[in-house]
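1. whatever this is, show me its structure:
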Amino acid sequence: MSKTYTIQAEIRLPTVDLRADLAFFAKTLGMRLDMIYPADDPSVAVYSGHGLRVRLELGSGVGPDLRILTDDPNFADGQNRLTSPGGTQITVHPLNPPLELPQPDHAFVVRRLADQAPWVIGRAGMHYRDLIPSRLGGSIIASHIRIPDGGPVPDMVHFHKVGFQLIFCYRGWVDVVYEDQGPPIRLTPGDCVIQPPEIRHRVLEASDGIEVIEIGVPAEHITEIDHDMTLPTPHLRPDREWQGQRFVFNQGVKAQWFLARLPGYQSRDTTIAANTQNMAGVHVIKRGAGDPTWVKHDADIHFTFVMEGTMTLEGAGKEPQKLQPGDAFVIPPGLATRYAQPSDDIELLEVTLPGKFTTL
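-> Next up is the predicted model:
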């Protein structure tokens with residue numbers, strides 16, 4: 001029996017104002033959104049309707065042309081670029097391209113809230129603030145996300161083609177519903193979830209002034225809309241895995257605190273390393289007994305967000321950095337650092353890849 005292949009065709013159109021076109025194609029033309037990326041500052045969106053699939057790309061140097069998406073390796077005799085006799089440009093792309101995880105471009109990064117980096121309106125009207133401008137070579141994106149006005153969120157059931165994704169509630173509360181995880185979940189300050197690759201979910205409602213920290217690996221990943229699934233789903237499957245990862249909902253009020261890997265601090269393990277086969281780890285760190293000391297680590301990616309309190313980040317050969325709530329930093333492997341002069345109320349969100357690593 002011969003194999004059946006899937007083929008999709010879409011017209012690629014340039015746009016100089018994607019944000020305005022999102023509303024135009026949805027409301028004026030009555031088409032439906034199928035895909036958008038990146039979430040923090042979209043530059044590509046795919047709409048379908050009226051027998052047509054349209055790919056909008058920001059920038060004057062693209063399209064119009066025809067894109068073919070297929071899992072048939074012999075489509076058009078394996079050619080990737082074609083020109084029709086009449087001059088139409090055609091490109092052929094994989095229907096489901098493999099997720100690429102770029103190697104980190106290691107750097108010491110400090111991002112201050114006081115520097116007033118711009119808040120950008122991203123997917124579903126959310127405001128995004130970039131916490132790692134370099135994205136470490138495209139290996140990670142860390143976003144401070146807020147919704148100024150509470151109430152229902154104009155979101156749809158969707159999923160992300162991503163290697164790892166964390167949502168940590170920093171201020172306010174937000175209601176989210178996930179595939180096979182029961183009724184809607186309310187995240188309050190100190191709570192977090194991981195969204196395993198391609199788990200369907202939807203943001204329902206948020207309080208005034210909601211703020212979350214979102215971590216995504218890699219930095220650029222696709223958000224696709226699932227128009228067929230209704231949430232919540234009828235089954236509760238807490239042990240289900242998506243590409244080797246289990247859904248995690250970790251609540252701050254149930255935290256147990258232990259000695260941290262950093263002298264002078266204690267930490268709360270969110271169990272994310274255990275549920276992602278050690279792909280990533282997430283800890284909340286606060287002041288403990290003893291004095292902070294100089295340490296090094298060998299983690300591939302080491303990101304920290306200052307949630308409360310103050311501290312001075314000292315790095316070998318670096319200027320000391322006085323940090324406050326809303327600041328973030330990345331420490332490359334092998335760099336000696338010390339979290340000096342912490343206030344009693346210091347509270348840090350630490351995200352690492354992998355979850356377990358060595359601290360010296």
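
2. helix, strand or coil: sort out the residue nearest to Pro64 when sequence neighbours are not counted for me.
-> Leaving out its chain neighbours, the residue that sits closest to Pro64 by Cβ to Cβ, 6 or more residues apart in numbering is Leu13, at 5.4 Å. C-beta coordinates here come from the backbone N, C-alpha and C atoms, glycine included. Secondary structure, DSSP: H, G, I helix; E, B strand; the rest coil: Leu13 is strand.

3. cool, and the one 10 residues further on?
-> Assigned with three-state DSSP, Ala23 falls in the helix class.

4. low pLDDT regions in the protein?
-> Regions of the chain meeting the criterion pLDDT under 70 cover residues 1, 60, 124.

5. count the neighbours of Pro85 for me.
-> Residues near Pro85, counting by other Cβ atoms under 10 Å, number 5.

6. kindly report the same for Gln256.
-> Applying other Cβ under 10 Å, we find 6 residues neighbouring Gln256.

7. surely Pro85 is within a helix?
-> No - assignment of Pro85 by three-state DSSP gives coil, placing it outside any helix.

8. one step back: now the residue nearest to Pro64: how far from Ala274?
-> To Ala274, Leu13 is 46 Å away according to Cβ to Cβ, to the nearest Å.

9. right, and Asp208 touches Pro148 too?
-> Yes - contact criterion Cβ atoms under 8 Å: Asp208 and Pro148 qualify, at 7.5 Å.

10. from Gly63, how far off is Tyr170?
-> Noted for Tyr170: a distance of 39 Å to Gly63, by Cβ to Cβ.

11. look at the two and report which has more neighbours.
-> Counted by other Cβ under 10 Å, Tyr170 and Gly63 do not tie: Tyr170 has more neighbours, with 22 against 18.

12. so which strand or helix has the more buried one?
-> strand 164-171 (DSSP states H and E).

13. return the set of buried residues in that strand.
-> Phe164, Gln165, Leu166, Ile167, Phe168, Cys169, Tyr170 (16 or more other Cβ atoms under 10 Å).

14. repeat that for stretch 200-212.
-> The neighbour-count check on stretch 200-212 (16+ other Cβ under 10 Å) flags Arg200, His201, Arg202, Val203, Leu204, Glu205, Ala206, Ser207, Ile210, Glu211, Val212 as buried.

15. list the contacts for Pro325?
-> The contact partners of Pro325, by Cβ atoms under 8 Å, 6 or more residues apart in numbering, come to Leu113, Val306, Met307, Glu308, Gly309.

16. so it, which state does it fall into?
-> Pro325 is classified as coil under three-state DSSP.

17. could you measure from it over to Ser143?
-> From Pro325 over to Ser143 (counting by Cβ to Cβ), the distance is 16 Å.

18. next one: Ala299
-> Between Ala299 and Ser143 the computed distance is 20 Å (Cβ to Cβ).

19. now swap in Gly63 and tell me
-> Per Cβ to Cβ, Gly63 is found 29 Å from Ser143.

20. Arg111 touches Asp327, doesn't it?
-> Yes - here Arg111 reaches Asp327: they are 6.6 Å apart, a contact under Cβ under 8 Å.
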